[in-house]
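J.: Here is the input, now give the coordinates:
(one chain, ligands or ions: 1)
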Amino acid sequence: MKGFILSTTLVREEDKIVKILTPTEIFTLYRFYGARHSPIQRGNLIDFVIEKNPKGGIDRLRSPVQIPLLSPTLPLFLPLQWENFFQFLAFHFRGISTISPFYYRKLVAMGEELGVRPSLRVLVEGLFEIFQFEGILPPIGKCGRCGLPTGERVALEKNTLHWCHPDCLPSTPHFFSPALGELYLYRKTLLFSQGELEKLWFFLIGKGE
Ligand SMILES: [Zn+2]
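T.: Numbering: from 1, shown residues only. Alright, predicted model coming up:
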């Protein structure tokens, strides 16, 4: 079976609870002695076997082998961005065990794209593809706080991603509205400068605020 490591939690000295996203399920498994020289790192794609726990309870993760997805020639900061993205996904999928094959396919496609296009564009566009798939993107062009049309700069409401006037939502970063419009409607980051894109990325994954 193949899947992406969503999260790992150390439970004893070297044992871990591992969450793995496969095409149809998110498994929670127990891994003995997983800490050293291990392919069990958040964001890795692995081939693995599930061994039923004879005593009931949590099943075991056996024979994990890493499947190379990210090119080894990628810049050093990239694995960290990929890991941050998976940290976001782990939170996004908390409490969920059955999922659509859309996510697995999307993650494989994104991993392959990372060697070809600038990483933050791949990651932010991928996030918005996911939001679009889940139907959680709100309508654009009106302030989520006061209801009036938004202007050239738009602040985003955390969690709901509603557009707001920077004055109505002063505590969060704001962005150029045509760039956001392109992203909300077409999942493209074309109109974002690298600096604005970094600001958006850190806002979305909940860091650097
Ligand atoms: Zn407003």
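J.: How far away from the center of its chain is the strand ranked longest in the chain?
T.: Taking DSSP state E as the assignment, the strand of the chain that covers the most residues is strand 2-10. From the chain centre to the centre of strand 2-10 is a distance of 13 Å (Cα atoms, centre = their mean, to the nearest Å).
J.: residues in contact with Pro23?
T.: Counting by Cβ atoms under 8 Å, 6 or more residues apart in numbering, Pro23 touches Lys2, Pro101, Tyr104, Arg105. (Glycine included, C-beta is placed from N, CA and C.)
J.: Can I get these in a markdown table including neighbour count?
T.: Listed next are these as a markdown table, based on neighbours: other Cβ atoms under 10 Å:
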| residue | neighbour count |
| --- | --- |
| Lys2 | 15 |
| Pro101 | 10 |
| Tyr104 | 19 |
| Arg105 | 11 |
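J.: Tell me the one among those nearest to Phe88.
T.: Set against Phe88, the nearest of these by Cβ to Cβ is Tyr104 (16.4 Å).
J.: That closest one reaches Ile26, doesn't it?
T.: No - counting by Cβ atoms under 8 Å, Tyr104 stays clear of Ile26, with 10.3 Å between them.
J.: if we can go back for a sec, which of the residues in the longest strand of the chain are buried?
T.: For strand 2-10, the buried set under the neighbour-count rule, 16 or more other Cβ atoms under 10 Å, comprises Gly3, Phe4, Ile5, Leu6, Ser7, Thr8.
J.: and if you look at stretch 55-75?
T.: Neighbour-count burial for stretch 55-75 [16+ other Cβ under 10 Å]: Arg60, Leu61, Pro64, Leu69, Leu70.
J.: Tell me which of these fall in helices.
T.: Cross-referencing the buried residues of stretch 55-75 against helices under DSSP state H gives no overlap.
J.: From the residues you listed, pick the one nearest the ion.
T.: Leu70 (41.1 Å; Cβ to the ion).
J.: dump the residue contacts of the closest one.
T.: Leu70 neighbours (Cβ under 8 Å, 6+ apart): Leu78, Pro79, Trp82, Gly111, Leu114, Gly115.
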